[in-house]
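>>> Predicted model, plus sequence, below.
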Amino acid sequence: MKIAVTSQGDTINSPVDPRFGRAAKIFVIETDSGETRVVNNMQNVNLTQGAGIQAAENVSHLGVQYVITGHCGPKAFRTLKSAGIKVVVGAKGTIAEALEDLKTGKLTSSDNPDVEGHWI
Amino acid sequence: MKHNLTIAVASGKGGTGKTTIAANLAYSIGYNVRLLDCDVEEPNSHIFLKPEIVSREKIGVPVPEIDESKCNYCGECGRICVFSAIVPLKDSIITFPELCHGCGGCSLVCPEKAIKEIDRETGVLEIGWSDKIEFVQGRLNIGEAMSPPLIRAVKKHVKKDGITIIDAPPGTSCPVIESVKDSDYVVLVTEPTPFGLNDLKLAVGMVRELGIPFGVVVNRATIGDRCMDSYCLKENIKILLKIPDKRKIAEAYSRGELAVNAFPEYKYIFEELFSLISGEILEETEYKL
């Protein structure tokens, strides 16, 4: 199973980035093989609009089944859902801790975004 | 005296008196004149000119509608859109109409001709008359952020004959530029305070970038300090008029009354303002020759 986690750093012990659209990086892990990669999300950090949509579109090309993050707004959520990706919000701590929380069921996927959009 | 010109009344800071100037100026000119209220988020010149509205037209912005049976998810539309309003994914495609600026790029580049443009309503255009003044305003729908298409619809009523006065929105962003551009002259209304000066500088920058001749009206000129005079002197900017801070003017305003109606002795001030502006434009034209 492939999972994307919004990240503030480059390793599995980096803190989860609480934002989705404007997360600094996207940490991707293939849980069966343990293979990881880090994707830069900085090009979306300064967008005036559509940051969440663009981040979701980028993530849709990574072949992940889950996205774990702190918060996800309505436009990003709709884009991820259209791409068939499950969204898990409320993640805290490090990426490793968030992945463990998903495994134990402490975190589960949501049916709705958990925050409002910023602008329109 | 010029008889065919477009004068935009703008400001940097809000609440300086644009509508006061625009409405009283239009009223003082009195005939062969029209007022276009381009402050579509909160048009208020109608409060003073009290027009009889004779026509209403819904205005929208064209947004994409996709025939998914023709779409092959090539992604060309997503690549051209800078607003993330159309998002092609691997085997699905979604649109966010509220983000769309109606540029038409997506339907143009679609190789499968799968995109057609439909209208998304953003507001209403209203046309009427206030005595002999032709009156046009746009009213943006509540919750709507997309002003420029409605402002463009209002500006279609700028005519080559007679005088057009444009009441612009406050600030210096897209809606203001849409309102002010292609005018013959811009009147920047300000107040002699630090906020007024700060925002006037931004507005001056904007108008200079647009290359339109302009002058300044200092409203409530007896409050604040002399910062405005020093700035205009240094920048070689003409102060066309100074209106004193008089309680009775504010009281008339709060009653929805035109200053020149409440105090007919003020009519000459606005007639003089119009002469000055016409003279300024003539001077500019001669200088260019």
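Looks like it arrived, so ask away.

>>> Check chain B for its longest helix and report it.
Determined from DSSP state H, the single longest helix within chain B is helix B:267-288.

>>> Residue B:165 looks like it's in a helix, true?
No: per DSSP: H, G, I helix; E, B strand; the rest coil, residue B:165 lies outside any helix segment and is strand.

>>> Residue B:122 falls within a strand, correct?
Yes: per three-state DSSP, residue B:122 lies within a strand segment.

>>> which residues sit in contact with it?
Residue B:122 makes contacts with B:59-61, B:140-141, B:144, B:146, B:149-150, as judged by Cβ atoms under 8 Å, 6 or more residues apart in numbering or on different chains. Quick note: C-beta positions are derived from backbone N, CA and C, even for glycine.

>>> Could you check how far it is from chain A?
With distances taken as Cβ to the nearest Cβ, to the nearest Å, residue B:122 is found 12 Å from chain A.

>>> List buried members of the contacts of residue B:122 by neighbour count.
Listed as buried from the contacts of residue B:122 are B:59-61, B:140, B:144, B:146, B:149-150; burial here means 16 or more other Cβ atoms under 10 Å in any protein chain shown.

>>> quick one: which of the residues you listed sit in helices?
Per DSSP H, the buried ones among the contacts of residue B:122 map to helices at B:149-150.

>>> List the buried residues in the longest helix of chain B.
Within helix B:267-288, the residues that count as buried by 16+ other Cβ under 10 Å are B:267, B:269-270, B:273-274, B:276-278, B:280-281.

>>> Now tell me which helix or strand of chain A has the poorest mean pLDDT.
Within chain A, no helix or strand scores below helix A:42-45, which has a mean of 92 by mean pLDDT, DSSP states H and E.

>>> list the helices and strands the next helix or strand after that one packs on?
Per DSSP states H and E, helix A:42-45 leads on to helix A:51-60 as the next helix or strand towards the C-terminus. When contacts are defined as 3 or more Cβ pairs under 8 Å, 6 or more residues apart in numbering or on different chains; DSSP states H and E, helix A:51-60 packs onto strand A:25-30, helix A:42-45, helix A:74-82, strand B:86-88.

>>> can you dump the C-alpha coordinates of helix A:51-60 into CSV?
Taking C-alpha atoms only, helix A:51-60 is exported to CSV below (Å, rounded to 0.1, in the frame of the first residue of the first chain):
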residue,chain,number,x,y,z
ALA,A,51,-2.8,25.5,-3.7
GLY,A,52,-4.8,22.6,-2.4
ILE,A,53,-6.0,21.6,-5.8
GLN,A,54,-2.5,21.7,-7.3
ALA,A,55,-1.1,19.7,-4.4
ALA,A,56,-3.9,17.1,-4.8
GLU,A,57,-3.3,16.9,-8.5
ASN,A,58,0.5,16.3,-7.9
VAL,A,59,-0.3,13.6,-5.3
SER,A,60,-2.7,11.9,-7.8
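
>>> Could you confirm whether the next helix or strand after it reaches chain B?
Downstream of helix A:51-60, the first helix or strand assigned by DSSP H and E is strand A:66-68. No: Strand A:66-68 does not reach chain B (Cβ under 8 Å from any Cβ of the partner chain); its nearest approach is 14.0 Å.

>>> So in that sheet, which strands flank strand A:66-68, and in what orientation?
strand A:2-7 (parallel), strand A:86-88 (parallel) (DSSP bridges).

>>> Rebuild those strands as TSV, extending it with mean pLDDT.
As requested, those are arranged in TSV below (pLDDT from 0 to 100):
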stretch	mean pLDDT
strand A:2-7	98
strand A:86-88	97
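
>>> what residues are up against the nearest residue to residue B:105 once chain neighbours are set aside?
Using Cβ to Cβ, 6 or more residues apart in numbering or on different chains and skipping the chain neighbours, the partner closest in space to residue B:105 is residue B:80 (4.4 Å). For residue B:80, the contact set (Cβ under 8 Å, 6+ apart) comprises B:105-106, B:108-109.

>>> Please spell out the PyMOL selection for the buried subset of these.
Buried residues within the contacts of residue B:80, by 16+ other Cβ under 10 Å, are selected in PyMOL with:
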select buried, chain B and resi 105+106
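
>>> Other residues contacting stretch B:254-274?
B:20-21, B:23-25, B:27-29, B:47-50, B:163, B:187, B:217, B:240-241, B:243, B:248-249, B:252-253.

>>> so residue A:35 makes contact with residue A:3?
No: at 11.6 Å, residue A:35 does not count as touching residue A:3 under the criterion of Cβ atoms under 8 Å.

>>> So which of these two has more stuff around it?
Neighbour count, other Cβ atoms under 10 Å in any protein chain shown: between residue A:35 and residue A:3, residue A:3 has more, with 22 against 10.

>>> For the more buried one, name its beta-bridge partners.
Under the criterion used here (DSSP bridges), residue A:3 is bridged to residue A:29, residue A:66.

>>> Next, work out how far apart it and residue B:172 are.
As defined by Cβ to Cβ, to the nearest Å, residue A:3 lies at a distance of 45 Å from residue B:172.

>>> residues in contact with whichever residue of chain A sits closest to chain B?
Per Cβ to the nearest Cβ, residue A:50 is where chain A lies closest to chain B, at 2.7 Å. Applying Cβ under 8 Å, 6+ apart, we find residue A:50 in contact with A:75, B:83-85, B:96, B:99.

>>> Next up, the contacts around residue B:16.
Under the criterion of Cβ under 8 Å, 6+ apart, the neighbours of residue B:16 are B:170, B:189-191, B:196, B:219.
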